[in-house]
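Asker: from the sequence below, what's the structure:
(one chain, ligands or ions: 1)
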Amino acid sequence: MEFSLDTLVILFLSSGMLLIFLLWSYYDRRDCRLYDRQRISHVYYCVRCGHLYESKDPSEVCDCPKCSFRNGRLRF
Ligand SMILES: [Zn+2]
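Answerer: Next up is the predicted model:
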């Protein structure tokens, strides 16, 4: 079984492009998962002291870091 030079060049370039695509896809998905965890936070506004703060905790209420008043999460 013999391949022509054109077929070998096409196979070589296609395998290189496939490898680059697979690496790009893997690292893109990995970065999305990593940065989504860091980026997701919830915003709270204290009705007692007016302090705006955030928390990584996904609960509906969070204590204010300044006055410890329990506030509900802001919804946009
Ligand atoms: Zn407060």
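Asker: when you work out contacts or count neighbours from here on, use the C-alpha atoms and nothing else.
Answerer: Will do.
Asker: any residues touching the helix or strand hosting Asn71, and which ones?
Answerer: Element membership for Asn71 (DSSP states H and E) is strand 70-72. The contact list for strand 70-72 (CA atoms under 8 Å, 6 or more residues apart in numbering) reads 44-47, 60-64.
Asker: just the residues you listed that are near the ion?
Answerer: When contact is defined as CA under 5 Å from the ion, those meet the ion at 46, 64.
Asker: give the buried subset of the contacts of strand 70-72 as a PyMOL selection command.
Answerer: This is how PyMOL selects the buried members of those, with burial counted by 16 or more other CA atoms under 10 Å:
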select buried, resi 44+45+46+61+62+64
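Asker: most widely separated two among the contacts of strand 70-72?
Answerer: Using CA to CA, the pair of those lying farthest apart is Val47 and Glu60, separated by 15.0 Å.
Asker: roughly how far apart are the closest residue to Ser41 other than its chain neighbours and the ion?
Answerer: Spatial nearest neighbour of Ser41, chain neighbours left out: Lys56 (4.6 Å); criterion: CA to CA, 6 or more residues apart in numbering. Separation of Lys56 from the ion (CA to the ion, to the nearest Å): 17 Å.
Asker: now do the phi/psi pair for Lys56.
Answerer: phi -80, psi -10 (degrees, to the nearest 10).
Asker: will you turn the contacts of strand 70-72 into CSV that also has secondary structure and pLDDT?
Answerer: As requested, these are exported to CSV (DSSP: H, G, I helix; E, B strand; the rest coil; pLDDT from 0 to 100):
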residue, secondary structure, pLDDT
Tyr44, strand, 94
Tyr45, strand, 95
Cys46, coil, 96
Val47, coil, 95
Glu60, coil, 91
Val61, strand, 93
Cys62, strand, 93
Asp63, strand, 95
Cys64, coil, 95
